[in-house]
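> please work out how this folds:
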Amino acid sequence: MKASGTTSRTVTEADLAAPPQLQTKRRGRKSKLDPALRKLIKNRRDRERRAKEKVELQRLKNVEIKYNEMMPEFEKMKEFKGKIKEIENVNTGLRRENEELKSKARNQETEIQNLKSQIQNLKSQIKELHEKLESWLQSSPVHIAANYDNFDFSKILSPPSHCENAANTQGPKSSQGEKTYSDELVQDFTRKLDANEKSQVKISDFKGLMEEVARMQYWDTLPPSLLTINMIIKKKYGEIDAESKHCSWVAMATRTLLCAAIKEMNELRLEDIDEEKMLLWRDAINNALNMNFKVEFAMNHLKKIARAYFGLKASNDRSDQDQIKSLEQMMSTLNIELLELKSKHAEKVKEQNSTVRKECLLDAEYFQGKTLATGLFD
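Below you'll find the model as predicted:
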């Protein structure tokens, strides 16, 4: 049956297969397609769209499932990234600490060598001082006898020996706690002995001499207590004032002081004298030298006494021994620290070259500048 004013068509497969542009109505125009055809086309499109959406939805679900499955791995990667950063920081710190340990070890080895050298020098000096002191202090002080024909003058001028337990005494005029010996002190005092300074020695500086001189009637003779010393000097060294041009009473005053000084040398021990006493003896000897007395032997012997005086101080001075012990203890401590440093150094080197460390460094290098999913889906 035909409707009035319209023409009916039968929907065929050709219509369904027609291009979309022929199936849609044109803008401003009514579609010539039958409504049933349009509905069929619309339904087909809807089915295709739903099928695509279903496929896409399934793909998204699969991705979500895969993502959820990989989530623990992602968390591990984040944790691994933090560990890599920590390892890099530790590695930097280890390298810095390793360099510091190497530098400290080198410095301590140098310090130990210097300490060993100082100790060796101190031991050599102490040994030399003990040998000199033992040589200087071989004989005891000699008392002058009236019969001096067979008297050995070398004994009276030899440095008197100190008691056998001198090492346990404080030494000549020394105060506890101060350093009583050094090469500088010896050299300074030797220079004082060589200095021809204004004489400070007086008759009253010698015990009992002033009273003895006051009782004498003549100024051109020696006091009785000095006659023996004067005869011994004359027997050993001859006329010591032969070249002196001074008057007899001036020469006798000089001879009196000289003999008094040598007499005191004979009566005193090292423990009984100090630098002031030796400087008085120096003045007495210099007075004679300035008057052309041939008494160089007395000055040489005074210097020998001075060396023995400081030698005795050195034997009683424990500061050098204490210093050596302190240095040895310091060396022992430094050696222990050096061994500890070497052990730490070896441990750090071993750790720096470990297999685990190398693997971590390789993986860190692999992810350098890359995202942490790199290689995950390869």
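> just the pLDDT at residue 350, thanks.
The model reports residue 350 with a pLDDT of 83.
> likewise the one 5 residues further on?
Looking at residue 355, its pLDDT is 86.
> quick one: the helices in the stretch 151-300 of the chain?
153-156, 183-194, 209-214, 227-237, 248-267, 275-290, 296-316 (DSSP state H, counting those that start in this stretch).
> to residue 200, which of these lies closest?
helix 275-290 (5.6 Å; C-beta to C-beta). All C-beta spots, glycine's among them, are computed from the backbone N, C-alpha and C.
> output the contacting helices and strands for that closest one.
If contacts are counted by 3 or more C-beta pairs under 8 Å, 6 or more residues apart in numbering; DSSP states H and E, helix 275-290 sits against helix 183-194, helix 248-267, helix 296-316.
> which parts of that helix are buried?
The neighbour-count check on helix 275-290 (16 or more other C-beta atoms under 10 Å) flags 275, 277-289 as buried.
> check stretch 235-245 too.
236, 240-241, 244.
> picking that back up, among the helices of the stretch 151-300 of the chain, which comes closest to residue 363?
For these, proximity to residue 363 was assessed by C-beta to C-beta; helix 183-194 is nearest, at 67.0 Å.
> list the buried residues for that closest one?
Buried residues in helix 183-194, counted by 16+ other C-beta under 10 Å: 186, 189, 193.
> might one say that the first one is in contact with residue 313?
Pointing back at residue 186 there. No - the pair residue 186 / residue 313 is not scored as a contact, 9.4 Å apart, by C-beta atoms under 8 Å.
> now the helices and strands packed on helix 275-290 in a markdown table, with mean pLDDT and distance to residue 51?
A markdown table is the format used below for the helices and strands packed on helix 275-290 (pLDDT from 0 to 100; distance: least, C-beta to C-beta, whole Å):
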| stretch | mean pLDDT | distance to residue 51 |
| --- | --- | --- |
| helix 183-194 | 91 | 110 |
| helix 248-267 | 91 | 134 |
| helix 296-316 | 92 | 113 |
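> show me where pLDDT drops low in this protein?
By pLDDT under 70, the low-scoring segments of the chain are 1-32, 122-123, 125-179, 219, 318-321.
> at 80 instead, please
Residues of the chain meeting the criterion pLDDT under 80: 1-33, 80-81, 111, 115-116, 118-181, 217-220, 246-249, 316-325, 372-373, 376-378.
> what helix or strand is residue 338 on?
Element membership for residue 338 (DSSP states H and E) is helix 319-352.
> which positions within that helix qualify as buried?
Across helix 319-352, burial judged by 16+ other C-beta under 10 Å covers 320, 324, 327, 331, 334, 338, 341, 345.
> and if you look at stretch 241-259?
Within stretch 241-259, the residues scored as buried using 16+ other C-beta under 10 Å are 241, 244, 251-259.
> kind regards, and thank you for your time.
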